[in-house]
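[1] no sequence for this one, just the structure:
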């Protein structure tokens with residue numbers, strides 16, 4: 001059998017699982033390195049912590065108006 005005959009063989013239609021796995025692989029290749037994702041998550045936590053540092057999150061009892069914390 002020659003290489004030309006092998007190259008011209010009709011390819012089988014990919015199954016649903018193959019298409020799903022190909023999609024997962026393409027999506028995974030588009031996301032950044034996990035270290036970069038961790039760094040950006042760290043920055044987001046720092047910024048949100050700084051912005052919310054002056055906000056009070058007290059719980060009050062509705063009938064007594066006393067702070068529970």
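    Looks like it arrived, so ask away. Because the structure is predicted, anything quoted here is derived from the model rather than measured.

[2] determine the longest helix present in this protein.
    helix 34-51 (DSSP state H).

[3] how about that helix: buried residues?
    By neighbour count on 16 or more other C-beta atoms under 10 Å, the buried set for helix 34-51 is empty. All C-beta spots, glycine's among them, are computed from the backbone N, C-alpha and C.

[4] quick one: average confidence on that helix?
    Per-residue pLDDT over helix 34-51 has a mean of 97.

[5] now do it: distance to the chain's middle.
    Distance of helix 34-51 from the chain centroid (C-alpha atoms, centre = their mean, to the nearest Å) equals 14 Å.

[6] helices along the chain, start to end?
    Using DSSP H, helices in the chain cover 3-7, 16-30, 34-51.

[7] can you put these in JSON lines and add distance to residue 62?
    Listed next are the helices of the chain as JSON lines, based on distance: least, C-beta to C-beta, whole Å:
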{"stretch": "helix 3-7", "distance to residue 62": "76"}
{"stretch": "helix 16-30", "distance to residue 62": "47"}
{"stretch": "helix 34-51", "distance to residue 62": "28"}
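
[8] which one of those lies nearest to residue 60?
    For the helices of the chain, the distance to residue 60 is smallest for helix 34-51, at 23.2 Å, taking C-beta to C-beta.

[9] what distance do you get for the residue positioned nearest the centre of the chain to residue 50?
    In the chain, the centroid-proximal residue (C-alpha atoms, centre = their mean) is residue 31; its distance is 8.3 Å. Look at residue 31 and residue 50: by C-beta to C-beta, to the nearest Å, they are 27 Å apart.

[10] do the same with residue 28
    From residue 28 to residue 50 the distance is 33 Å (C-beta to C-beta).

[11] what's the neighbour count on residue 62?
    For residue 62, the neighbour count with other C-beta atoms under 10 Å is 5.

[12] lovely, talk soon.
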